[in-house]
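Trainee: Sharing a model that was predicted from the sequence below.
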Amino acid sequence: MTLLLGNHDVHYLESYPFFSRGGRMSHERFEEIRSIFMENLGLFDLAKCIRCDKGLPYLFTHAGVRTRWIEANVRYIERNHPDLYWYARKCEKECRTPEGLADFLNSAIHDTDAQIFDMTVWSLGDVSSSRGGRGQGSCVWADIRDFSGWNADTALEGCWQICGHTRQDTLELFRESREETVDHYEWPATQTNNQVMCSNEIPPGLANQATG
């Protein structure tokens, strides 16, 4: 079982920016819930990548991963933490693939280095402009609109992304040429690199692997 953190979880973590806390946060039980999350953070991840027998791998996150968010984090580290220049290069290198990105994000949220942990949690508070923020949209705050239209090229390439976060009224059943059936939201059948699915259900054939 893989438990992925979402925006209504991370606002209880230490170092999360106050201005990005959601309206559903419990002020009365804030300290209690924060303690529970911090003491059990090892049970949670930010991403899960699954590669099947054929075709592109599947990247699971709460809201989807945008390349602009990764690039913005690299620039932030270079500008504000010159002592962590090596970490910016590591982020830039490892986040080029879905497997590398999942490993990088999960290692960062569990890092024992306080500076890296704080910086990671802070970056999760990057709220997309589509959600009323001023940022690019982190993997817990991106919006489905951030992956379509003019933003279609900002999705991480080389994988199918499966995310929730943005409620949809309708879902289109889409059959891709590799004969994998998925729930899909308004995406051209001819595009095979930048794919984002927003669904409440796991595509057939992935259920066992996603919970294993």
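Mentor: Thanks, I have the structure now.

Trainee: Going by C-alpha atoms from here, please, whenever you check contacts or count neighbours.
Mentor: Noted.

Trainee: how near is Phe30 to Cys52?
Mentor: 40 Å (Cα to Cα, to the nearest Å).

Trainee: what's the answer for Gly133, then?
Mentor: 36 Å.

Trainee: Among the two, which residue is more densely surrounded?
Mentor: Gly133 (15 against 12; other Cα atoms under 10 Å).

Trainee: hang on, that one packs against Trp141?
Mentor: No - counting by Cα atoms under 8 Å, Gly133 does not reach Trp141; the two are 9.3 Å apart.

Trainee: Please enumerate the shared neighbours of these two.
Mentor: Here Gly133 and Trp141 have 126-127 as joint contacts, going by Cα atoms under 8 Å, 6 or more residues apart in numbering.

Trainee: quick one: Lys48 and Leu5, what's the gap?
Mentor: 11 Å.

Trainee: oh sorry, the question was meant for Met25
Mentor: From Met25 over to Leu5 (counting by Cα to Cα), the distance is 14 Å.

Trainee: Repeat that for Ser128.
Mentor: 17 Å.

Trainee: Equivalent analysis for Ser35, please.
Mentor: From Ser35 to Leu5 the distance is 15 Å (Cα to Cα).

Trainee: More neighbours: which of the two?
Mentor: Of the pair Ser35 and Leu5, Leu5 is the one with more neighbours under other Cα under 10 Å, namely 19 against 14.

Trainee: so what's the spatially closest residue to the more buried one that is not a sequence neighbour up against?
Mentor: Spatial nearest neighbour of Leu5, chain neighbours left out: Leu46 (5.5 Å); criterion: Cα to Cα, 6 or more residues apart in numbering. Neighbour list for Leu46: 4-6, 61-62, 102, 105-106, 109, 139 [criterion: Cα under 8 Å, 6+ apart].

Trainee: Let me have the residues you listed in JSON lines, extended by distance to Arg68 and pLDDT.
Mentor: Shown next, in JSON lines, are the contacts of Leu46 (distance: Cα to Cα, whole Å; pLDDT from 0 to 100):
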{"residue": "Leu4", "distance to Arg68": "21", "pLDDT": "96"}
{"residue": "Leu5", "distance to Arg68": "20", "pLDDT": "96"}
{"residue": "Gly6", "distance to Arg68": "19", "pLDDT": "93"}
{"residue": "Thr61", "distance to Arg68": "16", "pLDDT": "95"}
{"residue": "His62", "distance to Arg68": "17", "pLDDT": "93"}
{"residue": "Ala102", "distance to Arg68": "16", "pLDDT": "97"}
{"residue": "Leu105", "distance to Arg68": "15", "pLDDT": "97"}
{"residue": "Asn106", "distance to Arg68": "19", "pLDDT": "97"}
{"residue": "Ile109", "distance to Arg68": "20", "pLDDT": "96"}
{"residue": "Cys139", "distance to Arg68": "11", "pLDDT": "94"}
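
Trainee: Next step: these restricted to strands.
Mentor: Leu4 (DSSP state E).

Trainee: Most neighbours among the contacts of Leu46, which one is it?
Mentor: In the contacts of Leu46, the most neighbours by other Cα under 10 Å go to Cys139, 29 neighbours.

Trainee: show me the residues around it that make contact.
Mentor: Counting by Cα under 8 Å, 6+ apart, Cys139 has contacts 46, 61-66, 124.

Trainee: Let's see the pLDDT reported for the residue of the chain most remote from its centre.
Mentor: Here the centre of the chain is the reference, and by Cα atoms, centre = their mean the most remote residue is Glu28, at 28.1 Å. We have a pLDDT of 91 for Glu28.
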